[in-house]
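Asker: I would like to see how this sequence folds:
(chains A and B)
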Amino acid sequence: NAGVTQTPKFRVLKTGQSMTLLCAQDMNHEYMYWYRQDPGMGLRLIHYSVGEGTTAKGEVPDGYNVSRLKKQNFLLGLESAAPSQTSVYFCASRKWGPSSYEQYFGPGTRLTVT
Amino acid sequence: TQLLEQSPQFLSIQEGENLTVYCNSSSVFSSLQWYRQEPGEGPVLLVTVVTGGEVKKLKRLTFQFGDARKDSSLHITAAQPGDTGLYLCAGKGNYQLIWGAGTKLIIKP
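Answerer: Numbering: from 1, shown residues only, chains lettered A, B, ... in the order given. Next comes the predicted model:
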């Protein structure tokens, strides 16, 4: 089992460019999450999905879009990157169930927008 | 809005010392988790506490959930350099976790 994988690991964008971050999990988890992590601010939820074909906004969704076309994949898109989106992005997943709140994280993508 | 505040934000101590990290809220949580994150990696779950007053031990780490389920603490006995990392608490919300900002812990040999 690879768990949760993220691609790419590093990326540098210029302001206004677009990109897509890919998250894949092989644990058959229903729920998937995208977070950003900035110094001193912990993890902030961008978007999440409770199942294939469904997505919902988190705490900081502006400037991002997501898609969950397949259960194992969760894509995060930046249509027009801004320097404020410089951050480390983490994807996480968890299985369905009221008592199953453990989230499994990928290794992160470090994004710099210049 | 549910919030979790962690203290201290940063702690640097010598190997062998004891320490306590706190996670506080004005809201009640049905359960609370502690994660550890090492540089360049994602957070990894250490423990989940569910019952008010619950105490769980993981080797030299002791986790406690407050009686009112509004706060939690992590105590490390005889800290070792391998304990270095970012410690995050997270409370159960609807479909998602409510995260604290983390405590960055450095244990010097």
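
Asker: from now on I want contacts and neighbour counts done on CA atoms only, so please keep to that.
Answerer: Fine.

Asker: give the contact list for the residue in chain B that chain A sits nearest to.
Answerer: The minimum distance from chain B to chain A, using Cα to the nearest Cα, falls at B:Ala101 (3.8 Å). Contacts here follow Cα atoms under 8 Å, 6 or more residues apart in numbering or on different chains; on that basis B:Ala101 touches A:Gly40, A:Met41, A:Gly42, A:Leu43, B:Leu4, B:Glu5, B:Gln6, B:Gln9, B:Leu88.

Asker: of the residues you listed, which belong to helices?
Answerer: Assigned to helices by DSSP state H, none of these qualify.

Asker: those into JSON lines, with extra columns for distance to A:Gly108, pLDDT and neighbour count?
Answerer: Converted to JSON lines, the contacts of B:Ala101 look like this (distance: Cα to Cα, whole Å; pLDDT from 0 to 100; neighbours: other Cα atoms under 10 Å in any protein chain shown):
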{"residue": "A:Gly40", "distance to A:Gly108": "17", "pLDDT": "78", "neighbour count": "13"}
{"residue": "A:Met41", "distance to A:Gly108": "16", "pLDDT": "79", "neighbour count": "12"}
{"residue": "A:Gly42", "distance to A:Gly108": "14", "pLDDT": "84", "neighbour count": "19"}
{"residue": "A:Leu43", "distance to A:Gly108": "12", "pLDDT": "93", "neighbour count": "24"}
{"residue": "B:Leu4", "distance to A:Gly108": "23", "pLDDT": "92", "neighbour count": "20"}
{"residue": "B:Glu5", "distance to A:Gly108": "24", "pLDDT": "94", "neighbour count": "18"}
{"residue": "B:Gln6", "distance to A:Gly108": "23", "pLDDT": "96", "neighbour count": "23"}
{"residue": "B:Gln9", "distance to A:Gly108": "22", "pLDDT": "94", "neighbour count": "16"}
{"residue": "B:Leu88", "distance to A:Gly108": "16", "pLDDT": "97", "neighbour count": "25"}
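
Asker: hmm, back to that, can you give me phi and psi for the residue of chain B closest to chain A?
Answerer: The phi/psi pair for B:Ala101 (degrees, to the nearest 10) reads phi -80, psi -10.

Asker: where does it land on pLDDT?
Answerer: On the pLDDT scale, B:Ala101 is placed at 93.

Asker: wait, which of the contacts of B:Ala101 is closest to B:Leu105?
Answerer: For the contacts of B:Ala101, the residue nearest B:Leu105 by Cα to Cα is B:Gln9; the value is 8.6 Å.

Asker: distance of the residue of chain B closest to chain A from B:Glu5?
Answerer: Here B:Ala101 is placed at a distance of 7 Å from B:Glu5 (Cα to Cα, to the nearest Å).

Asker: on that earlier part again, would you list the contacts of B:Ala101 in JSON lines and tack on distance to A:Tyr33?
Answerer: Below are those laid out as JSON lines (distance: Cα to Cα, whole Å):
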{"residue": "A:Gly40", "distance to A:Tyr33": "20"}
{"residue": "A:Met41", "distance to A:Tyr33": "17"}
{"residue": "A:Gly42", "distance to A:Tyr33": "15"}
{"residue": "A:Leu43", "distance to A:Tyr33": "11"}
{"residue": "B:Leu4", "distance to A:Tyr33": "19"}
{"residue": "B:Glu5", "distance to A:Tyr33": "22"}
{"residue": "B:Gln6", "distance to A:Tyr33": "22"}
{"residue": "B:Gln9", "distance to A:Tyr33": "25"}
{"residue": "B:Leu88", "distance to A:Tyr33": "17"}
